[in-house]
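Student: Got a sequence here, can you model it:
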Amino acid sequence: MARILVVDDDGFSRNLLAEMLRALGQEPTVAADAREGLQMMASKAHDGVITDVRMPGWDGIELARRIGMLPDAPPVVLMSADSDFDIHEEALRRGVRPASFLQKPFDRVGVARILRLMNDGEVTAPTGASRPEVPTVPLAKDDHPDWLTGARGPASQLSPARIWFVAWRRQASGAVIVRGRQATTIGFKRGQIADVAGVPGLLASRLPNVNTDNLTIAVGSAMAMGISLDEALGGVALDVARWSLDCRSGDVRWDPAWAAGPGAIPLPGTPPRLLTEVIADVPEETLMKTWQAVANSRVTARNPTDVPSDRWGLDPQALRAQRLASGQAVQALIYELSGGVAARRVQALRALDLLFRLNLVTLAA
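Tutor: Purely as a prediction, here's the structure:
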């Protein structure tokens, strides 16, 4: 028998769920709001929490965030009449990685399923940030004229590569600024990268002994070692693309006031070409191993209809992956794209990998 806390401001729904839990052999306790629920948890240990999301005062996501900060946080199930995709996205934007979801109106079968997942250890405690990072710009609305000017958010949710795409598409001048343990600046002049500072290991793939984050030094070192200017600039462009895809920490923003100084050297290559090359360079074994770890996850698209062919420059395979991603398992998506041919299966994996690193696809357990 497990002690389960039910938090819901609607008395009928709260009592109905408590009765179902009792009938399924559990020991329910009830609270009418999030603050009362947190107080009850402080006075008595609970094995799990099922909380409504839409409540006055602290909502269920805020309650989950605070529970996730506790030293021995129990698993939390978010409950709502809204779709699980919408709730999951809202929770992530507010710094909470939710554990599981119960759809309203619920029934005995749905409640039993949640209890079974709890019992099997498949529902975990939420992770709650003490300072939730919330992007100020809707990630899927980058066609709005003001999107680039106000682009700001954590790198975990707003990829520098995505801002790069928008700047390139609009032929904009300014800079992507990433502030973490060190400051990184990627400057643009009419959509082309014009200057770089703070990207570690420029030309690392060509010059293993040169570990610099300065564009001028990297290019100069390459030329001193007999590499042509075009090859050096191409190598730096690829390293910047790798960094922009892999960056997942720090705060990202667009600075429209940045201007390239005299003698700035534009880097060759457009985002679609460079990022496609980066993904193509990932060894097949690494790619398979990365996605094997999430083979049982559900892939959901942030906005399945928001990728016209002229926007991201993705190839048809990647576009199809993006449109099919919502609500399908990774294996089913791969099967749909591969047709049993190994080469096409790897192509599908590369498409998924690119979409995932651009924050266009997110994984939900």
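
Student: Could you check how far the residue lying closest to residue 2 once chain neighbours are set aside is from residue 120?
Tutor: Once flanking residues are discounted, residue 2 sits nearest to residue 47: 3.9 Å by Cβ to Cβ, 6 or more residues apart in numbering. In short, each C-beta sits where N, CA and C put it, glycine included. Per Cβ to Cβ, to the nearest Å, residue 47 is found 13 Å from residue 120.

Student: Looking at these two, which is more packed in?
Tutor: residue 47 (15 against 8; other Cβ atoms under 10 Å).

Student: Now the more buried one. Its backbone dihedrals?
Tutor: phi -90, psi -10 (degrees, to the nearest 10).

Student: so residue 184 sits in a strand?
Tutor: Yes. Secondary structure assignment places residue 184 in a strand (DSSP: H, G, I helix; E, B strand; the rest coil).

Student: Please give the element, helix or strand, for the nearest residue to it once chain neighbours are set aside.
Tutor: Leaving aside its sequence neighbours, residue 184 sits nearest to residue 198 (Cβ to Cβ, 6+ apart; 3.5 Å). Assigned by DSSP states H and E, residue 198 belongs to strand 192-202.

Student: tell me the contacts of the residue nearest to residue 184?
Tutor: Contact partners of residue 198, counting by Cβ atoms under 8 Å, 6 or more residues apart in numbering, are 178, 182, 183, 184, 185, 213.

Student: Please tell me I have it right and the first one contacts residue 160.
Tutor: The reference is to residue 178. Yes. Counting by Cβ atoms under 8 Å, residue 178 does reach residue 160; the two are 6.0 Å apart.

Student: can you dump the C-alpha coordinates of the strand holding residue 198 into CSV?
Tutor: The C-alpha atoms that make up strand 192-202 are tabulated as CSV, following Å, rounded to 0.1, in the frame of the first residue of the first chain:
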residue,chain,number,x,y,z
GLN,A,192,27.1,35.9,-43.0
ILE,A,193,29.4,35.1,-40.1
ALA,A,194,31.8,38.0,-39.9
ASP,A,195,33.6,37.4,-36.6
VAL,A,196,33.9,34.8,-33.9
ALA,A,197,35.2,35.0,-30.3
GLY,A,198,34.9,32.5,-27.5
VAL,A,199,34.2,29.3,-29.5
PRO,A,200,36.8,26.8,-28.1
GLY,A,201,38.9,24.7,-30.4
LEU,A,202,38.5,26.5,-33.7
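
Student: In its sheet, which strands sit next to it, and in what direction?
Tutor: strand 183-189 (antiparallel), strand 212-214 (antiparallel) (DSSP bridges).

Student: so which of those is the most packed in?
Tutor: Counting by mean count of other Cβ atoms under 10 Å, strand 183-189 has the highest mean neighbour count of those, with a mean of 20.

Student: Need the mean per-residue confidence for that one.
Tutor: For strand 183-189, mean pLDDT rounds to 89.

Student: which residues touch the nearest residue to residue 249 once chain neighbours are set aside?
Tutor: Nearest residue to residue 249, sequence neighbours excluded (Cβ to Cβ, 6+ apart): residue 180, at 5.1 Å. For residue 180, the contacting residues are 155, 249, 250, 251, by Cβ under 8 Å, 6+ apart.

Student: Residue 352: which of those residues is nearest?
Tutor: residue 155 (20.1 Å; Cβ to Cβ).

Student: who's in contact with that closest one?
Tutor: 178, 180, 247, 248, 249, 250, 251, 252.

Student: Out of those residues, grab the one that's most surrounded.
Tutor: When neighbours are taken as other Cβ under 10 Å, the top entry among the contacts of residue 155 is residue 252 (25 neighbours).

Student: mind checking the SS state of that residue?
Tutor: Put simply, residue 252 is strand when judged by three-state DSSP.

Student: for it, which residues make a bridge with it?
Tutor: Beta-bridge partners, per DSSP bridges, of residue 252: residue 153, residue 178.

Student: That one is in contact with residue 183, isn't it?
Tutor: No. The criterion here is Cβ under 8 Å, and residue 252 misses it with residue 183 at 11.6 Å.

Student: Look through this structure and tell me its longest helix.
Tutor: Across the chain, the longest stretch assigned as helix under DSSP state H is helix 229-246.

Student: just how off-centre is that helix within its chain?
Tutor: How far helix 229-246 lies from its chain's middle: 23 Å, per Cα atoms, centre = their mean, to the nearest Å.

Student: shared neighbours of residue 178 and residue 160, which are they?
Tutor: 247, 252.

Student: quick revisit: let me know the closest of the contacts of residue 155 to residue 15.
Tutor: Of the contacts of residue 155, the one sitting nearest to residue 15 (Cβ to Cβ) turns out to be residue 248, at 43.4 Å.

Student: Give me the phi and psi for that closest one.
Tutor: Residue torsions, per degrees, to the nearest 10, at residue 248 are phi -130, psi 10.

Student: from now on call the first residue 26
Tutor: Fine by me, first position is 26 from now on; the one you just mentioned is residue 273.

Student: ok, now which ones touch it?
Tutor: 180, 181.

Student: could you check the distance from it over to residue 306?
Tutor: 19 Å.

Student: same question, residue 252
Tutor: Counting by Cβ to Cβ - residue 252 and residue 306 are separated by 18 Å.

Student: of the two, who's got more company?
Tutor: Set residue 252 next to residue 306 and count neighbours by other Cβ under 10 Å: residue 252 wins out with 18 against 10.
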